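Asker: Predicted model, plus sequence, below.
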Amino acid sequence: MLELLLTTIWLLLPAYTPNNFAVIFGGGMPIDLGKKFIDGKRVLGDGKTIRGFVFGVVGGVFCGVLQYHIEAILGIRYFSGIDVNSAIFLFFLLSFGSLFGDVFGSFIKRRVGIERGKSFPVFDQLTFLLFAYIFAYAFSPYFLTLFTKNVILAGILITPALHLGVNYIAYKLGLKDVPW
């Protein structure tokens, strides 16, 4: 059980870390350019920025590349068991999918009237992960090689607690305005 937990966290780091990079390096121009949707509400809000999205994806890929090299040094064969270009593409898909899912979540939250920074339990914790899975599954032939059914399920089960814990730490460090 512990091995499954650690493997799941390891494999999901390229999906888990982009939002952290987006918080740290974000700011600037909002992705929605301040525009409103047909319902009169902001499309996304000021919390989703172009710089945050770009740095989030770059940070997630960077994290994955570090993992790849750490695995090669330690003789571990998860990501390093595939060619480097395919691994980098998988890191991109996990990172991009994660942030796309976060943006999608913000879009839905605005539609149902949940303001920026307000909690939307379960949805906040899983939308990014589900989109990371979807993008990686759809475009990488290595996804199902690495992400077994047990790993996918474990990710869905442990992510809410990890997400809340990391966000609480970021809040305590002054990196986030809210602890969720």
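Answerer: That came through fine. Numbers count the residues shown, from 1 in each chain.
Asker: residue contacts, the nearest residue to Phe147 once chain neighbours are set aside?
Answerer: Leaving aside its sequence neighbours, Phe147 sits nearest to Leu11 (Cβ to Cβ, 6 or more residues apart in numbering; 6.4 Å). Every residue, glycine included, has its C-beta placed from N, CA and C. Shown in contact with Leu11 (Cβ atoms under 8 Å, 6 or more residues apart in numbering): Tyr78, Phe79, Leu146, Phe147, Val151, Gly155.
Asker: Report the separation between Leu11 and Ile76.
Answerer: Using Cβ to Cβ, to the nearest Å, we find Leu11 at a distance of 11 Å from Ile76.
Asker: Ile50 now?
Answerer: 35 Å.
Asker: same for the longest helix belonging to the chain, what does it pack against?
Answerer: The longest helix of the chain (DSSP state H) is helix 84-111. Secondary-structure packing of helix 84-111 (3 or more Cβ pairs under 8 Å, 6 or more residues apart in numbering; DSSP states H and E): helix 2-16, helix 18-25, helix 50-74, helix 123-139, helix 143-146.
Asker: neighbours around Ser80, how many?
Answerer: 18 (other Cβ atoms under 10 Å).
Asker: Which residue is the nearest non-sequential neighbour of it?
Answerer: Glu71 (3.8 Å).
Asker: Thought Arg77 was touching that neighbour, still the case?
Answerer: Yes - if you go by Cβ atoms under 8 Å, Glu71 and Arg77 touch, sitting 7.0 Å apart.
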